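[1] Sharing a sequence plus its predicted fold:
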Amino acid sequence: MTDDQKLRLSDLLDRIARLRAAESWRDDLNPSQRAALDYLGRANRFSRSPSQVADYLASTRGTVSQTLKSLSRKGLVEEVRSEADKRSISYEVTPQGRAHLSANRKASTLADLTDREAGLLTDLLERLLHGVLTQRGGRSFGMCRTCKYHSQRKSGGYCRLLEIDLLPAEIIQICHEHERVSA
């Protein structure tokens, strides 16, 4: 890849990210709040702690703590204390938050891509993301069904790492324990 191609690609990715962030300023939510709510709406039951939200969003824990408090005040999420360790908390999206997420899923220009184009773009972006995460020492946060610890079962799936059965809906959720299958 030439330096010009690298610069052009970097500019395009940055511009798309900025345009998507600008779209997020609506319905009394800022882009950080929207990103946290979107993540919590897609994260599995093991991946909803404030530190996991911060890791996924590449943000500080203090910033995410304030974001989650704001979402809670707005009635979009609620804090849940662990039964095993009362110091441990996670967040659940409320019915109001789920309604908000559903109402704000709008038609995307991605719908204009063919299945082949979408597949190719997804593969390339996943590879690029994996490279960035590797450089930064970050976690992949992928869907359970794409994890090296996932085993498919008729009832949904099984996580060999956590040694737990997964419901069908859980295998398409984001998990902080995710590890890519080696290529």
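    Received, thanks.

[2] from here on, contacts and neighbour counts on C-alpha atoms
    Will do.

[3] give me every residue that touches the residue positioned nearest the centre of the chain.
    Per Cα atoms, centre = their mean, the C-alpha nearest to the average position across the chain is that of residue 39, at 4.3 Å. Residues in contact with residue 39 (Cα atoms under 8 Å, 6 or more residues apart in numbering) are 53, 174.

[4] Go again with 10 Å.
    33, 47, 48, 52, 53, 56, 57, 93, 173, 174 (Cα atoms under 10 Å, 6 or more residues apart in numbering).

[5] Please spell out the ChimeraX selection for the buried subset of the residues you listed.
    Selection of buried members from those for ChimeraX, criterion 16 or more other Cα atoms under 10 Å:
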select :33,47,48,52,53,56,93,173,174
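
[6] and of the contacts of residue 39, the nearest to residue 135?
    Lowest distance from residue 135 to the contacts of residue 39 (Cα to Cα) belongs to residue 56, with 15.2 Å.

[7] my guess is the closest one meets residue 176, correct?
    Yes - using Cα atoms under 10 Å, residue 56 is in contact with residue 176, at 8.0 Å.

[8] For the two, list the residues in contact with both.
    47, 139, 140, 141.

[9] now the host helix or strand of residue 132: how far from the chain's centre is it?
    Assigned by DSSP states H and E, residue 132 belongs to helix 115-136. A distance of 15 Å separates the centroid of the chain from that of helix 115-136, by Cα atoms, centre = their mean, to the nearest Å.

[10] Report the buried residues of that helix.
    By neighbour count on 16+ other Cα under 10 Å, the buried set for helix 115-136 is residue 130.

[11] any idea which helix or strand comes after that helix?
    Counting by DSSP H and E, the element after helix 115-136 in chain order, helix or strand, is strand 150-153.

[12] Following the chain past the lowest-mean-pLDDT helix or strand in the chain, name the next helix or strand.
    Ranked by mean pLDDT, DSSP states H and E, the weakest helix or strand in the chain is helix 3-23, scoring a mean of 81. For helix 3-23, the succeeding helix or strand toward the C-terminus, using DSSP H and E, is helix 31-42.

[13] residue contacts, residue 179?
    139, 140, 141, 142, 143, 144, 146, 147, 148, 149, 150.

[14] low pLDDT regions in the chain?
    24, 26, 86, 103-109, 182-183 (pLDDT under 70).
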